[in-house]
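> What follows is a predicted protein model with its sequence.
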Amino acid sequence: MRILVTGSAGFIGFHLCRRLLAEGHEIVGLDGMTNYYDPALKRARHAALLTSNHFQAHEIMLEDDVALTRLVQDTRADIVIHLAAQAGVRYSMEAPRSYVDSNIIGTFNLLEALRACPAQHFLMASTSSVYGANAMPFAEKDRTDHQLSFYAATKRATEAMAHSYAHMWNQPTSVLRFFTVYGPWGRPDMALFKFTRAILEGKPIDIYNNGQMQRDFTYVDDCIEGIVRLLPLTPTASNDSNGSPAAPWRVLNIAGGRLVELKAYIAAIEKATGRTALRNELPMQPGEPQATLAATDELEKLTGFLPQTSVEDGVRAFVDWYRDFYKA
């Protein structure tokens, strides 16, 4: 199949493209190479993908509707996977406009391009952050009305936009809510990267809420396995708890369904690095939930798959990659 992936130089996008190339698909990758974090890491990811003759790389911003529409029309992809976005809860307090431009306007531009050139299946990344102040475990059927960060609010807006386009233009759409994805080639703004770098350099790590935080961590290979299994499972209008009675649309949690204490996560990094972290205790940050936990029944029912990688194994794989990539 020919598959268009936005955010192909991003963390999840890179791993997904690599997996799809290994399965023999033709991949057209799009990335804006923004400087939210070091573009050199993004370019290294693309360089690794470009060793395949079946990968094309295009540097295009989602906000450039003319270039984006032309690429969608030229590609005529069977499947479109939309991973590109402005990420980060804390950064959305500093630069909220970038989230409107990338997440809302950029997604609108892509939806418009697909209206003229529809795909067999449109898959779009969302986030566990859309559940906001909800009670755990977070289930797809739950209402999502109380986001805690502007980042989460923009991602929830894109979900609603995608549903309306699925209804109006009959574009089969799957919305994927990712839960704290981590692993090799990860983003420098995420805790695992920052903690590993600081510990190896002998610097203190910032621990918020005195470490009283929990996350539903998802190893990147497990995340990719879930996405790949969903590609041929095109949604139809239904009354399923995670679907829509009015549109070929569904929403799914991509998560392990297990709570992990932040302190246990740090302990896994210490074990993998062979060093003890220096701790800088800080209060809870605005916009951050104290805990996230997904209900994974729908994912298992639809794909027969649930993530299984332990935090210890996943963290060790990241630390091994980090040491090799940065010669640390």
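Structure received.

> What is the helix ranked longest in the chain packed up against?
Counting residues, the longest helix found in the chain (DSSP state H) is helix 150-169. For helix 150-169, the packing partners by 3 or more Cβ pairs under 8 Å, 6 or more residues apart in numbering; DSSP states H and E come out as helix 91-94, helix 96-99, helix 106-116, strand 121-127, strand 173-178, strand 249-254. C-beta coordinates here come from the backbone N, C-alpha and C atoms, glycine included.

> and the angle from that helix to strand 121-127?
160 degrees (axes from the mean of the first three to the mean of the last three Cα atoms, to 10 degrees).

> mean confidence for helix 150-169?
The average pLDDT for helix 150-169 rounds to 98.

> in it, what's buried?
150-159, 161-163, 165-167 (16 or more other Cβ atoms under 10 Å).

> do the same with stretch 34-45
Result for stretch 34-45 [16+ other Cβ under 10 Å]: buried residues 36-37, 41-43, 45.

> name the helices or strands packed onto the host helix or strand of residue 57?
Assigning secondary structure by DSSP states H and E places residue 57 in strand 55-59. Helices and strands touching strand 55-59, by 3+ Cβ pairs under 8 Å, 6+ apart, are strand 26-31, helix 39-49.

> So in that sheet, which strands flank the first one, and in what orientation?
Strand 26-31 sits in its sheet next to strand 2-6 (parallel), strand 55-59 (parallel), going by DSSP bridges.

> Would you mind giving the orientation angle of the last one with respect to helix 39-49?
Strand 55-59 runs at 160 degrees relative to helix 39-49, counting by the same axes, to 10 degrees.

> And for the first one?
With the same axes, to 10 degrees applied, the angle from strand 2-6 to helix 39-49 works out at 170 degrees.

> got the angle for strand 2-6 vs helix 106-116?
Going by the same axes, to 10 degrees, strand 2-6 makes 160 degrees with helix 106-116.

> buried ones in strand 2-6?
Buried residues in strand 2-6 (16+ other Cβ under 10 Å): 3-6.

> One more: the last one?
By neighbour count with 16+ other Cβ under 10 Å, strand 55-59 contains the buried residues 55-58.

> Could you do stretch 318-328 as well?
Across stretch 318-328, burial judged by 16+ other Cβ under 10 Å covers 318-319, 322.

> What residue spans form the domains of this structure?
Taking automatic domain parsing as the domain assignment, the ranges for the chain are 2-179+219-254, 191-215+258-292+309-326.
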